[in-house]
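Engineer: Model the structure of this input:
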Amino acid sequence: MKNKDIIINRVKKLDEKFLGSLEEIAEKFEVQHDKFIQDTDGENFLQIILRAHLYIEYEMKELIKIRLMHPGELGDQLKFSSMFRILLATGIIPLELKAPINCINKFRNNYAHNLNYQFNEEEFDKLVNTFSEEFKVDFLRKYSNEDLSVKLKEILIRQWLILIELRLLDNVIGRELEDIFS
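Structural biologist: From the prediction side, this is the model:
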């Protein structure tokens, strides 16, 4: 058997394994979505934003551990903004997420440093406006009749799930490609 045939056979196996992995990832997404909704049930805007920020920060830490060659060299006291800039600069997180995640971080910081800060529809609109027109149209079509709390949760979950996707899919694809070429 030629090298080309060996690679083709391995890629076919990859397709089967990859589909199975995608199903597993989809199930994990659903579980995470439901967990976030349950965890934030009855919470106010401060709690929802803080919890989402913590979830996003956790995923960023995981991405740094998984994707950087020597993550220990960064130390263990990286601030949210430093982690985020590293992940953006290395291309681990796409630039399209820069404005939305910075906006979420700004909301969190407003709550942390301004006793009178109140999240409202105007603040939510600022977040929505950080997204592409396509995203805005799709999101508003689905959630325009929901109250602000539901809309906020859904938009925050989407950002968090994108980071989970970046972490999980990269792991799956990386392992499968290693198997093919080992």
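
Engineer: From here on, just use CA atoms for contacts and neighbour counts.
Structural biologist: Noted.

Engineer: so how far does stretch 30-48 reach from one end to the other?
Structural biologist: End-to-end distance for stretch 30-48: 18 Å, by CA to CA, to the nearest Å.

Engineer: buried set for stretch 59-74?
Structural biologist: 59-61, 63-64 (16 or more other CA atoms under 10 Å).

Engineer: Narrow the residues you listed to those in strands?
Structural biologist: Among these, no residue falls in strands (DSSP state E).

Engineer: what's the closest non-adjacent residue to the residue sitting nearest the centre point of the chain?
Structural biologist: Of all residues in the chain, the one closest to the mean position by CA atoms, centre = their mean is residue 163, 2.2 Å from it. In space, and not counting its chain neighbours, residue 163 is closest to residue 59: 6.1 Å by CA to CA, 6 or more residues apart in numbering.

Engineer: And the helices in the chain, which stretches?
Structural biologist: Using DSSP state H, the helices of the chain run over residues 3-39, 45-67, 80-89, 98-113, 121-128, 133-143, 148-181.

Engineer: would you list these in CSV and tack on distance to residue 73 and mean pLDDT?
Structural biologist: CSV is the format used below for the helices of the chain (distance: least, CA to CA, whole Å; pLDDT from 0 to 100):
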stretch, distance to residue 73, mean pLDDT
helix 3-39, 30, 71
helix 45-67, 11, 94
helix 80-89, 13, 96
helix 98-113, 24, 98
helix 121-128, 33, 97
helix 133-143, 37, 93
helix 148-181, 20, 77
